[in-house]
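Enquirer: with the sequence up front, the predicted model follows.
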Amino acid sequence: MKLLRLYKGLRSTYRGSDVTRRVQRFDGWTGRASADDADAKGYDHAKTVTEYYDLCSELMIFGWGESLHFAPLSPQESLEDSKTRHQRLMISKLELREGMTVVDVGCGIGGPMRRVVREAGVRVLGVNYSEVQLAKARSLNAEAEVDHMVDYLAASFMDMGAIADGTYDRAYAIESTCHAPDKVGAFAEIYRVLKPGSLFWGQEMCLTDRFDPHDSEHRAIKADLMHGIALKDIATTDEVDRALATAGFELVEGIDRAVDWTHPSKPWYQPMATRIRMQNLKAHIGMAGLAEALRVLPKGTKDVVRLLDQTARAYVAGGSTGIFTPLYCFLARKPL
């Protein structure tokens, strides 16, 4: 059943396009970005990020679940249980109450959105530049019977001009503003659409204090992460804090929740490391190729699997060296 759903999802997402060529073009994005930056040709990073998620979302759902984010992991919990606990922490920190309006900034396919609507009784606006992901969010929200509580905006969170100033009670951005080519600009736009006194929760992918820019291994891991996740750069936690302040927010708290001293935990990257150890890369890709030949999966799927495997290895390298975290979580407030 799960494989059949994957097949249908991939067929709908790829729609007969040349997936192999699309992956090849994506693989060249860092070179184009550098050339365009140098020549002032206006490289559009939002399109690269959109292509990444358009190519990979269905396979991410298959392997990671409907909530496509990391969470602090407990030895006593499944991955899904840990993500649920993490989402409930966000709901608590945002002090969500029934009847509030909330912006989900870069909503993806809406995993956290569905929990927020069901458990807090708020109305959510999902903002996403990817029409493919928005369509998937609509479908899953309808299945979960929460679609009547959700509105959708197909737009970049760098320019949410369709939203008037001071409209929303709360906002959250889970592993989305890390893709922003201008973090201050992204935070300023979120600041603009919030009412005075509103709270904003963010979860950022960051470099930690262990990152040494003079260490060639560290630089290589950073480059692999940027390439594989479509990040224009990777900010430090201090840089995120300064960007929030520049945009006008008051920082309430900023915590790397990958390091949880309150109870025993396991590394956030462990599920990926376990799967890499259990699966030989060539065999994994070969199985996808066989599934293509048998028309179980659309042509080109093996190339997307290869991309995701490379990215998983970059995540594990970043996590195991301690130089990277996807769990820098902050709570900020727009002043009254």
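Expert: Yep, it's here.

Enquirer: can you show me the strands along the stretch 1-150 of the chain?
Expert: 101-105, 123-128, 150-154 (DSSP state E, counting those that start in this stretch).

Enquirer: nearest to residue 57, of the ones you listed?
Expert: Checking the strands of the stretch 1-150 of the chain against residue 57 by CB to CB gives strand 123-128 as the closest, at 10.8 Å. All C-beta spots, glycine's among them, are computed from the backbone N, C-alpha and C.

Enquirer: what does the closest one rub up against?
Expert: 99-108, 110, 113, 116-117, 134, 137, 149-155, 157, 160, 163, 168 (CB atoms under 8 Å, 6 or more residues apart in numbering).

Enquirer: mind running it again at 6 Å?
Expert: 101-105, 107, 110, 113, 117, 134, 137, 149-153, 157 (CB atoms under 6 Å, 6 or more residues apart in numbering).

Enquirer: next: stretch 152-166.
Expert: In contact with stretch 152-166 (CB under 6 Å, 6+ apart) are residues 46, 105-106, 125-127, 129, 131, 134, 185-186, 189, 192-193, 195.

Enquirer: weed out the non-buried ones from the residues you listed.
Expert: Buried by 16 or more other CB atoms under 10 Å: 46, 105-106, 125-127, 129, 134, 185-186, 189, 192-193, out of the contacts of stretch 152-166.

Enquirer: adding pLDDT and distance to residue 314, write those residues out as JSON lines.
Expert: Below are the buried ones among the contacts of stretch 152-166 laid out as JSON lines (pLDDT from 0 to 100; distance: CB to CB, whole Å):
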{"residue": "46", "pLDDT": "92", "distance to residue 314": "22"}
{"residue": "105", "pLDDT": "98", "distance to residue 314": "24"}
{"residue": "106", "pLDDT": "97", "distance to residue 314": "21"}
{"residue": "125", "pLDDT": "98", "distance to residue 314": "32"}
{"residue": "126", "pLDDT": "98", "distance to residue 314": "28"}
{"residue": "127", "pLDDT": "98", "distance to residue 314": "27"}
{"residue": "129", "pLDDT": "95", "distance to residue 314": "23"}
{"residue": "134", "pLDDT": "96", "distance to residue 314": "27"}
{"residue": "185", "pLDDT": "97", "distance to residue 314": "26"}
{"residue": "186", "pLDDT": "97", "distance to residue 314": "23"}
{"residue": "189", "pLDDT": "98", "distance to residue 314": "29"}
{"residue": "192", "pLDDT": "98", "distance to residue 314": "34"}
{"residue": "193", "pLDDT": "98", "distance to residue 314": "33"}
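
Enquirer: ok so, going back, select, out of the strands of the stretch 1-150 of the chain, the one closest to residue 308.
Expert: strand 123-128 (20.1 Å).

Enquirer: before we move on, back to that, nearest to residue 180, out of the strands of the stretch 1-150 of the chain?
Expert: The nearest among those, by CB to CB, is strand 101-105 at 9.8 Å.

Enquirer: that older thread, which one of the contacts of stretch 152-166 is nearest residue 215?
Expert: Closest to residue 215, out of all of the contacts of stretch 152-166 and judged by CB to CB, is residue 186, at 28.8 Å.

Enquirer: how about that closest one, nearest residue that isn't a chain neighbour?
Expert: residue 180 (3.8 Å; CB to CB, 6 or more residues apart in numbering).

Enquirer: run a quick neighbour tally on the one you found.
Expert: 27 (other CB atoms under 10 Å).

Enquirer: next up, phi/psi of it, please.
Expert: Per-residue torsions, residue 180: phi -60, psi 130 (degrees, to the nearest 10).

Enquirer: the one 4 residues further on now?
Expert: Main-chain dihedrals, residue 184, degrees, to the nearest 10: phi -60, psi -40.

Enquirer: quick one, what contacts it?
Expert: 243, 246, 247.

Enquirer: got a ChimeraX select line for the buried ones in those?
Expert: In ChimeraX, this line selects whichever of those come out buried by 16+ other CB under 10 Å:
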select :243,247
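
Enquirer: dump the contacts of residue 184 into CSV; add pLDDT, secondary structure and distance to residue 200 as well.
Expert: Below are the contacts of residue 184 laid out as CSV (pLDDT from 0 to 100; DSSP: H, G, I helix; E, B strand; the rest coil; distance: CB to CB, whole Å):
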residue, pLDDT, secondary structure, distance to residue 200
243, 98, helix, 12
246, 98, helix, 14
247, 98, helix, 10
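
Enquirer: what secondary structure does residue 251 sit in?
Expert: strand (DSSP: H, G, I helix; E, B strand; the rest coil).

Enquirer: mind listing what it touches?
Expert: Taking CB under 6 Å, 6+ apart, one finds 241, 244, 332 in contact with residue 251.

Enquirer: could you list the low-confidence segments of the protein?
Expert: 1, 36-42, 260-264, 276-296 (pLDDT under 70).

Enquirer: what residues sit buried inside the longest strand seen in it?
Expert: In the chain, assigned by DSSP state E, the strand with the most residues is strand 194-207. For strand 194-207, burial by neighbour count (16+ other CB under 10 Å) applies to 194, 198, 199, 200, 201, 202, 203, 204, 205, 206, 207.

Enquirer: my guess is residue 178 meets residue 204, correct?
Expert: Yes: if you go by CB atoms under 6 Å, residue 178 and residue 204 touch, sitting 5.2 Å apart.

Enquirer: fine by me, we can end here.
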